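Trainee: my questions concern the predicted model and sequence given below.
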Amino acid sequence: MTRIAVVTLLGLLASGLPAEATEDALGQNLVRQLSCLNDPDATVALLHLEKTGRIGDNDGDRNDGETCWFMKPALKIEGVVFTRICATADDDALMVEMFPKFYYRGPGRPNGRLMRLTSKASVPALRSWAKKVLGNGPYEVGSSGREDDEKGISCAASSRRQ
């Protein structure tokens, strides 16, 4: 199923479809990642955001194996505006080698696979959105730990195994 989603998104990127269609495909891809039905992999979404100039080459904020980018413009999915995308894949040396702009190995123990979207919406609003759009989880909703007014929805591979 994930491979089909990746192929679909890559096909849309290459097809020259209107921006609205690729925006919908990006949103659908991110919803699948956040729903936590499988281990998250933000690579295709990050490649799309980089290709379309929505995240820059060097504007990622790196902290303890996780990299976050402000999306310009912010991304609206099902009524909620998300301002930043964060990702890790520091447990996979090949991913770190193949995509050094996106992933890196921080100090200490690896974080593993994680994808997070952040928003200025309240935690109750994000929980309501997540329940409606993502289902029951095991995603996590709460403070993003980056900025005081930022809240986040994340899927971590480690959360799926608990």
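Mentor: Nice, thanks for sending it over.
Trainee: other SSEs contacting the helix or strand hosting Leu126?
Mentor: Assignment of secondary structure by DSSP states H and E places Leu126 within helix 123-134. With contacts taken as 3 or more C-beta pairs under 8 Å, 6 or more residues apart in numbering; DSSP states H and E, helix 123-134 sits against helix 19-35, strand 80-89, strand 140-143, strand 151-156. From N, CA and C alone the C-beta is placed, and that goes for glycine too.
Trainee: flag the shaky bits of this protein, pLDDT-wise.
Mentor: Residues of the chain that meet the criterion pLDDT under 70 lie in 1-22, 57-59, 145-148, 160-162.
Trainee: and the strand ranked longest in it, which strands flank it?
Mentor: Identified as the longest strand of the chain according to DSSP state E is strand 66-77. Using DSSP bridges, the strands paired with strand 66-77 in its sheet are strand 61-63 (antiparallel), strand 80-89 (antiparallel).
Trainee: any idea how far the residue nearest the centre of the chain lies from Pro124?
Mentor: Of all residues in the chain, the one closest to the mean position by C-alpha atoms, centre = their mean is Met115, 4.2 Å from it. Noted for Met115: a distance of 22 Å to Pro124, by C-beta to C-beta, to the nearest Å.
Trainee: circling back: okay if I get the strands paired with strand 66-77 as TSV plus distance to Asp39?
Mentor: Output for these, formatted as TSV (distance: least, C-beta to C-beta, whole Å):
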stretch	distance to Asp39
strand 61-63	21
strand 80-89	10
